[in-house]
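*Asks:* Coordinates for the following, if possible.
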Amino acid sequence: MSRDKNERYGLIGGNASPYSQKMRAAMLYRRLPFDWILRSEKNDYLLKDLRPVLVPVLRLPEDGSLHLDSTKLIYMLEERHSERSLIPENPAHAFLTHLIEDMADEWVTKMMFHYRWAYDPDIHYASYWIADDRSASAADEARDKFAKMFATRQIGRMPLVGCTPENLPVIEEGYHFIIATIRDHVASGGAVYLFGDRPSLAEFGLYGQLRTLSVDPTPQSIMRKEAQRTESWLRQLDDASGVEGDWLEGDDLPAATKALITYTADVYLPFLAANAKATVAGEESFSIEIAGKSYSQGVFKYQVKCLNDLQARYASLSGSAKELVNGLIGEASVKILASA
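*Replies:* Residues are numbered from 1 along each chain as shown. As a prediction, this is how the structure comes out:
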């Protein structure tokens, strides 16, 4: 029996998963009907035929099919529902909101992963948080075993995602910069969000990573000391279903939005370009200079796809929209995006 699209979606995810939190907050803002299904050992059967098994997973109401990748899911919902879109109507702003979201998904996530698995208080907190969500009623012995196993696995993955002691200065400086930028934006007295008085795809990309960072002990203490207004901004995005607002008129953008675009152009796009170049050359790792500091990691094929997608979106721009984007990202980044 087929079901109408107006019935409820299923969103399977994790409380400690930044991409799950991103997706849940986006759906709440859009007032889409869905059931939040916390992934646990009791409901593993829901994902038994899914490969790869990653969260969040969106289950469609009409056929029960399962779909992956938070960015793709958000765009899928844009096609299915027109109300309360996350994509600004201005073509340049639409590109830039995607650019910031992509940076959050692929670069700010390094900050989340670094703080979570580099410091003992965070390792303990996160591993037991995930163990408790996995099996809320597990005996202490089983809980300890799972937490230790999960922490060991994640710590072992740190070099893969570039979270090494050598890269610490670049990663931690980026975290301080981003939370301060949002803090100052909120305090400026202008638009609450980056592209107007309503949240965009960019906000929810940042939200997923920063909301997780606002809970883990070490980055939480930094945020509360340096940028409490950023934490408040994140809490208000938890469920923004009551927010009403408009996109900014014209081409001008708030100072914080421009600062995040500049950061993305100076840090993230060169990273993507270096990763793609090394991947094409068959190299196993690459090194670049970011903000005057050395950064290196192993190649990551998925992020080649991210660059290709950004280049395709950039190529679709024309006229004044492309001119606006070019002026904000600078000549070096224009060359990266135009080199497809």
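*Asks:* C-alpha from now on. contacts and neighbour counts both.
*Replies:* Noted.
*Asks:* Residues contacting stretch 210-226, please?
*Replies:* Residues from elsewhere that reach stretch 210-226 (C-alpha atoms under 8 Å, 6 or more residues apart in numbering): 16-18, 21, 112, 115-116, 119, 121-122, 125-126, 179-180, 230-231, 234-235.
*Asks:* Only whichever of those are buried, select them in PyMOL.
*Replies:* With 16 or more other C-alpha atoms under 10 Å as the burial test, the buried ones among the contacts of stretch 210-226 are selected in PyMOL as follows:
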select buried, resi 16+17+18+21+112+115+116+122+125+126+179+180+230+231+234
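*Asks:* out of the contacts of stretch 210-226, which are inside helices?
*Replies:* Among these, the members falling in helices (DSSP state H) are 18, 21, 112, 115-116, 121-122, 125-126, 179-180, 230-231, 234-235.
*Asks:* right, and out of those, which lies closest to residue 66?
*Replies:* Proximity of the ones in helices among the contacts of stretch 210-226 to residue 66 (C-alpha to C-alpha) peaks at residue 21, which lies at 17.8 Å.
*Asks:* Quick check: pLDDT value at residue 82.
*Replies:* pLDDT for residue 82: 96.
*Asks:* again with the one 10 residues further on
*Replies:* With respect to pLDDT, residue 92 scores 98.
*Asks:* May I ask which helix or strand encompasses it?
*Replies:* Following DSSP states H and E, one finds residue 92 within helix 91-103.
*Asks:* what about that helix, distance to the chain center?
*Replies:* The chain centroid and the centroid of helix 91-103 are separated by 13 Å under C-alpha atoms, centre = their mean, to the nearest Å.
*Asks:* Who are the packing partners of it?
*Replies:* Packing partners of helix 91-103 (3 or more C-alpha pairs under 8 Å, 6 or more residues apart in numbering; DSSP states H and E): helix 201-213, helix 255-263, helix 301-315, helix 319-329.
*Asks:* Just the angle for the first one relative to helix 255-263, thanks.
*Replies:* Between helix 201-213 and helix 255-263, the angle comes out at 80 degrees (axes from the mean of the first three to the mean of the last three C-alpha atoms, to 10 degrees).
*Asks:* Tell me the helix or strand right after helix 201-213.
*Replies:* As assigned by DSSP H and E, the chain's next helix or strand after helix 201-213 is helix 217-226.
*Asks:* now do the last one
*Replies:* The first helix or strand that comes after helix 319-329 along the chain, using DSSP H and E, is helix 331-337.
*Asks:* contacting residues around that following helix?
*Replies:* 265, 266, 269, 270, 273, 307, 310, 311, 314, 315, 326.
*Asks:* Enumerate the positions of that helix that are buried.
*Replies:* In helix 331-337, counting by 16+ other C-alpha under 10 Å, buried: 333, 334, 336, 337.
*Asks:* same deal with stretch 278-288?
*Replies:* Neighbour counts over stretch 278-288 (16+ other C-alpha under 10 Å) mark 278, 279, 286, 288 as buried.
*Asks:* Could you measure from residue 277 over to residue 337?
*Replies:* 13 Å (C-alpha to C-alpha, to the nearest Å).
*Asks:* Chain neighbours aside, what residue packs nearest to residue 321?
*Replies:* In this structure, residue 321 finds its nearest non-sequential neighbour in residue 92, 4.7 Å apart by C-alpha to C-alpha, 6 or more residues apart in numbering.
*Asks:* What number of residues are in the vicinity of the one you found?
*Replies:* Number of residues near residue 92 (other C-alpha atoms under 10 Å) recorded here: 20.
*Asks:* ok, it to residue 326 distance?
*Replies:* Residue 92 is 10 Å from residue 326, by C-alpha to C-alpha.
*Asks:* Pull the contacting residues for the residue nearest to residue 321.
*Replies:* Contacts of residue 92 by C-alpha under 8 Å, 6+ apart are 251, 317, 321, 322, 324, 325.
*Asks:* Whichever of those end up buried, select them in PyMOL.
*Replies:* To isolate the buried ones among the contacts of residue 92 in PyMOL, judged by 16+ other C-alpha under 10 Å, type:
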select buried, resi 321+322+324+325
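*Asks:* what stretches of this protein score poorly on pLDDT?
*Replies:* Counting by pLDDT under 70, the ranges of the chain that qualify are 1-6.
*Asks:* okay, which residue is most central for it?
*Replies:* Note on the chain: the residue nearest the mean C-alpha position is residue 105, at 3.1 Å, using C-alpha atoms, centre = their mean.
*Asks:* quick one on the thing from earlier: specify which member of the buried residues of helix 331-337 is nearest to residue 293.
*Replies:* Closest to residue 293, out of all of the buried residues of helix 331-337 and judged by C-alpha to C-alpha, is residue 333, at 18.8 Å.
*Asks:* just to revisit the earlier point, possible to save the buried residues of stretch 278-288 as CSV with distance to residue 194?
*Replies:* Shown next, in CSV, are the buried residues of stretch 278-288 (distance: C-alpha to C-alpha, whole Å):
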residue, distance to residue 194
278, 33
279, 33
286, 33
288, 29
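*Asks:* which of the residues you listed lies closest to residue 143?
*Replies:* residue 286 (38.3 Å).
*Asks:* quick one: what helix or strand has the closest one in it?
*Replies:* Per DSSP H and E: residue 286 is located in strand 285-290.
*Asks:* now swap in residue 189 and tell me
*Replies:* Short version, using DSSP H and E: residue 189 is in no helix or strand.
*Asks:* excluding its backbone neighbours, what's nearest residue 108?
*Replies:* Excluding its sequence neighbours, the residue lying closest to residue 108 (C-alpha to C-alpha, 6+ apart) is residue 209, at 6.5 Å.
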